[in-house]
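K.L.:
only geometry, no sequence info:
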């Protein structure tokens, strides 16, 4: 990635560090997803994952993320929802995945099994940030399909806690 593209992406991410103005649902949702991802990533690196205090921070961040996804699910199930049907179905499937993963992770949180949720949030937020500029080209698979794979067993987990 060249310096300009990286600077442009970093400036977009920096603009999401503060709460967005009202009336811009895509930006608000992107901000919320990035905030939840950041909290989960920070909890992971906050201390020894075996310590009770670190596990509690991870659980707190997971519960916040779960609440966010529950809000998305409720909105998508509302009969007044104006999201196109194909996107609704894909997002509801993703909501179901997040629900199942969260329940599983809350039973025994570890950094490795939290990473897919962090990646999903970041990928969906990236898509929302580009929503007005997106063309109809469907060459790339949806972000939720890219993010749903957990890291390979024994693979070292590297997290960016800034975004």
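P.N.:
Perfect, I can see it now. Not measured: the values here are computed from a predicted model. Residues are numbered from 1 along each chain as shown.

K.L.:
which residues of this structure score low on pLDDT?
P.N.:
1-22, 131-163 (pLDDT under 70).

K.L.:
what ranges does it have for its helices?
P.N.:
Ranges of helices in the chain, per DSSP state H, are 3-15, 25-45, 52-77, 85-107, 111-129, 143-147.

K.L.:
now the ones you listed in CSV, with mean neighbour count?
P.N.:
Bear in mind the C-beta positions are built from the backbone N, C-alpha and C, glycine included. Output for the helices of the chain, formatted as CSV (neighbours: other C-beta atoms under 10 Å):
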stretch, mean neighbour count
helix 3-15, 11
helix 25-45, 20
helix 52-77, 16
helix 85-107, 15
helix 111-129, 21
helix 143-147, 17
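
K.L.:
so how far is residue 79 from residue 98?
P.N.:
22 Å (C-beta to C-beta, to the nearest Å).

K.L.:
swap in residue 116?
P.N.:
31 Å.

K.L.:
and what of residue 65?
P.N.:
For residue 65 relative to residue 79 (C-beta to C-beta), the value is 26 Å.

K.L.:
try residue 67
P.N.:
Residue 67 is 22 Å from residue 79, by C-beta to C-beta.

K.L.:
same check, this time on residue 52
P.N.:
The value you get for residue 52 to residue 79, if C-beta to C-beta is used, is 44 Å.

K.L.:
and residue 95, by the same measure?
P.N.:
17 Å.

K.L.:
next: residue 85.
P.N.:
Taken as C-beta to C-beta, the span from residue 85 to residue 79 is 12 Å.

K.L.:
and the contacts of stretch 46-59?
P.N.:
40, 42-44, 105-106, 109-111, 114 (C-beta atoms under 8 Å, 6 or more residues apart in numbering).

K.L.:
and those residues, which is closest to residue 129?
P.N.:
Nearest to residue 129 among the contacts of stretch 46-59: residue 40, at 18.8 Å, using C-beta to C-beta.

K.L.:
contacting residues for that closest one?
P.N.:
58, 61-62, 65, 114, 117-118, 121.

K.L.:
list the contacts of the residue nearest to it when sequence neighbours are not counted.
P.N.:
Spatial nearest neighbour of residue 40, chain neighbours left out: residue 61 (4.3 Å); criterion: C-beta to C-beta, 6 or more residues apart in numbering. Going by C-beta under 8 Å, 6+ apart, residue 61 touches 36, 39-40, 42-43.
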